[in-house]
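Student: the following comprises the amino acid sequence and a computationally predicted model.
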Amino acid sequence: MASISLNNVTFSYQYFPSISGGLFKSNAGLKQNTALSAFNLTIKDGDRVALLGVNGAGKSTLLKVIAGVIQPESGVVKTEGQIYSFFGRSIGVMPQLSGLENLYLRGLLLDLDDQRIEQKIQEIIEFTELGHDIERPVSTYSQGMKARLTFGMLMFVEADIMLLDEGLAAGDQFFIEKAKKFIDSLLDKSKILVFASHSNHLLKRFCNKAILIDKGQIKDFGELGTIMKRYSHIKDTKKANEKET
Amino acid sequence: MDFITDIKEGFKRRRLWKRLAVLELKSRYQGAFIGTSWILLTLILKVGMLSLVYSMVLQRDIKEYVLFLAIGVLTWNFISAAIISSGMVFSKGSSLMQQMKLPQSIFVFQNVYRETLILILYQLFAIPLLIALKGFAFISVLWLVALAGFVLIVLNAFFVNMWLGWLAVRYKDVQPFLGSVVLILFLVTPVLWPLPEKFNDSLLFLLNPFYHLLELIRAPVLNNEIPVLSFLVGIGCLLFNVVICIIFYPRVKNKLVLWL
């Protein structure tokens, strides 16, 4: 059983307006930006949820709160099942190290035992078709190879809840097909996926439900198709409004 | 998660932080012809040059002085690296901490482990030097006391790393400040020069905890003494550092990621 529930969760970032602070007041001019306000959400087994929303709507913050990376100011976050969070394209990859070293570190980060890591690494090398390139430093990789490696890191997944933030860079078409099959097989075991991406193409492939977020609040939660239509409608009207003004 | 659980959980992840520490050391000397041997070589160069000059300036017997200097400098290197590196402890782990929920202590363990590896490596120079200049008869049981001293220093480094690490992330002023503070401490602490006898009771030295930390190693190895007072001071420092960590951990734990 895997589940995520958020009850009345509020979170805000604090920041300095440009360069300020200084003499005696390190807090001078500190401002707040509410990223999530009174957020309620329940996600159950088998839900593959797309997060929709314009930049700054609170998608990444929501993922970080679910992952437990940041703690909400108020409200309760409850998750059942092991979480694997994967944020950003290159975060956590150390370019001076080889692909192999990076994969091994990822395994350690997930606290897998050595035997399991070895086994997973073999699977990943085979799946990503990186072959001997896996021993080269990541800094020498092409964009496509990096995307494959990143996807390979995703394959360590042993978790019930998967949180992705722009995690899947394109790679080539052939590889995407392969990746889709993999993710499908992964999610068949009734796991939860929460995926934030601006690529409708990827969202359509991997998700069945969607959440529409705007200004830190949940606007809608339902079937992917319906929500996507609503979202593009909102975007269109926004654009139209901008043109008028 | 409370402070003790954080440390326990962090310790459990030792495969991760050991690996990270070793990779960090290796990558520091990546592409260098003699690689990590630089760690030893820089120490040897430092001790060699300083003992040539200062044995003349201070008019000391070079054989005695070089031992005094070697042990002092290698211990000081650890202490200063522990202090200076604490400014970076958490910012280096930032990409991982933003990625998943991890015990903070992982990064402190990583940092202290790396410096401890260097400290152990230093002994490859210090112990042969002692034996070469003093003969095998010089080895004594009291060296175990020095070992206990090292353990006390390393434990202190762990907790200082943690709270200085927090401070450096919260207040950006701290990090640039650390380097200069350590330099001043180096100049006022008897690292290069033995404490002149007539100042033995001077509070200027007795109140300097760093003097005591150095004596933890120097007294048993060079003078066959057990530095009781220095041990008490070292344990006092440790208690102080632990208490600071326990007091501030609850206030810091949820905010650290946001400060990074």
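Tutor: Great, that's in hand. Numbering: from 1, shown residues only, chains lettered A, B, ... in the order given.

Student: tell me if I am right that A:Ser37 is in a strand.
Tutor: Yes: counting by DSSP: H, G, I helix; E, B strand; the rest coil, A:Ser37 is found in a strand.

Student: so what's the residue count around it?
Tutor: For A:Ser37, the tally of surrounding residues (other Cβ atoms under 10 Å in any protein chain shown) stands at 18. Yep, even glycine has a C-beta here, placed from its N, CA and C like the rest.

Student: next, give phi and psi for residue 196.
Tutor: Using chain A here. The phi/psi pair for A:Ala196 (degrees, to the nearest 10) reads phi -100, psi 120.

Student: let's do chain B instead
Tutor: The phi/psi pair for B:Pro196 (degrees, to the nearest 10) is phi -60, psi 140.

Student: how close does it get to B:Leu67?
Tutor: 18 Å (Cβ to Cβ, to the nearest Å).

Student: next: B:Glu197.
Tutor: 19 Å.

Student: neighbour count winner among these two?
Tutor: Remark: of B:Glu197 and B:Leu67, B:Leu67 carries more neighbours, 21 against 7, as counted by other Cβ under 10 Å.

Student: and the helix or strand encompassing that one, what's buried?
Tutor: Secondary structure assignment for B:Leu67, by DSSP states H and E: helix B:62-85. By neighbour count with 16 or more other Cβ atoms under 10 Å in any protein chain shown, helix B:62-85 contains the buried residues B:65-85.

Student: how about stretch B:47-59?
Tutor: Under 16+ other Cβ under 10 Å, the buried positions of stretch B:47-59 are B:47, B:50-51, B:54-55.

Student: from those residues, which ones fall inside helices?
Tutor: In this view, these that belong to helices under DSSP state H are B:47, B:50-51, B:54-55.

Student: which one of the residues you listed sits closest to chain A?
Tutor: B:Val47 (31.0 Å; Cβ to the nearest Cβ).

Student: and chain B, which residues reach chain A?
Tutor: By the rule Cβ under 8 Å from any Cβ of the partner chain, the part of chain B lying against chain A is B:13, B:15-16, B:19-20, B:23, B:27, B:30, B:95-102, B:170-171, B:173, B:254, B:257-258.

Student: just the buried residues out of those residues, in ChimeraX syntax.
Tutor: Only the buried entries of the residues of chain B next to chain A go into this ChimeraX selection, using 16+ other Cβ under 10 Å:
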select /B:13,16,19,20,23,95,96,97,98,99,100,102,170,257
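
Student: find the least confident helix or strand in chain A, judged by mean pLDDT.
Tutor: Lowest mean confidence among the helices and strands of chain A (mean pLDDT, DSSP states H and E): helix A:173-188, at a mean of 72.

Student: where do the helices of the stretch 1-150 of chain B begin and end?
Tutor: For the stretch 1-150 of chain B, the helices defined by DSSP state H, counting those that start in this stretch occupy B:3-12, B:14-28, B:37-57, B:62-85, B:89-92, B:94-97, B:105-134, B:143-170.

Student: and these as a markdown table, adding mean pLDDT?
Tutor: A markdown table is the format used below for the helices of the stretch 1-150 of chain B (pLDDT from 0 to 100):
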| stretch | mean pLDDT |
| --- | --- |
| helix B:3-12 | 94 |
| helix B:14-28 | 91 |
| helix B:37-57 | 93 |
| helix B:62-85 | 94 |
| helix B:89-92 | 90 |
| helix B:94-97 | 84 |
| helix B:105-134 | 94 |
| helix B:143-170 | 95 |
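
Student: chain A against chain B: which residues are in contact?
Tutor: A:13-14, A:26, A:64, A:67-71, A:83-88, A:91-92, A:94, A:96-97, A:101, A:104-105, A:108-109, A:111, A:114.

Student: just the buried ones among the residues you listed, please.
Tutor: A:64, A:67, A:69-71, A:83-88, A:92, A:94, A:97, A:101, A:104-105, A:108-109.

Student: one step back: could I get the helices of the stretch 1-150 of chain B as JSON lines with distance to A:Ala240?
Tutor: Shown next, in JSON lines, are those (distance: least, Cβ to Cβ, whole Å):
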{"stretch": "helix B:3-12", "distance to A:Ala240": "52"}
{"stretch": "helix B:14-28", "distance to A:Ala240": "51"}
{"stretch": "helix B:37-57", "distance to A:Ala240": "64"}
{"stretch": "helix B:62-85", "distance to A:Ala240": "55"}
{"stretch": "helix B:89-92", "distance to A:Ala240": "44"}
{"stretch": "helix B:94-97", "distance to A:Ala240": "40"}
{"stretch": "helix B:105-134", "distance to A:Ala240": "49"}
{"stretch": "helix B:143-170", "distance to A:Ala240": "45"}
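
Student: for A:Ala147, find the nearest of those.
Tutor: Evaluated over the helices of the stretch 1-150 of chain B, closeness to A:Ala147 peaks at helix B:94-97, with 18.3 Å, by Cβ to Cβ.

Student: contacting residues around that closest one?
Tutor: Residues outside helix B:94-97 that contact it (Cβ atoms under 8 Å, 6 or more residues apart in numbering or on different chains): A:69, A:91-92, A:109, B:90, B:102, B:104, B:107, B:256-257, B:260.

Student: so A:Pro137 sits against A:Ser98, correct?
Tutor: Yes: counting by Cβ atoms under 8 Å, A:Ser98 is a contact partner of A:Pro137 at 5.6 Å.

Student: those two: which is more packed in?
Tutor: Taking other Cβ under 10 Å, A:Pro137 and A:Ser98 do not tie; A:Ser98 has more neighbours (18 against 15).

Student: residues contacting that one?
Tutor: Applying Cβ under 8 Å, 6+ apart, the residues contacting A:Ser98 are A:134-138.

Student: before we move on, back to that, among the contacts of helix B:94-97, which one has the lowest pLDDT?
Tutor: By pLDDT, A:Ile91 ranks lowest within those, coming in at 59.

Student: re the thing from before, closest one to A:Phe151 out of the contacts of helix B:94-97, please.
Tutor: Relative to A:Phe151, and with distances defined as Cβ to Cβ, the nearest of these is A:Gly92, at 13.4 Å.

Student: let me know the closest of the ones in helices among the buried residues of stretch B:47-59 to A:Met1.
Tutor: B:Val47 (62.4 Å).

Student: so the closest one makes contact with B:Leu67?
Tutor: No: counting by Cβ under 8 Å, B:Val47 stays clear of B:Leu67, with 9.6 Å between them.
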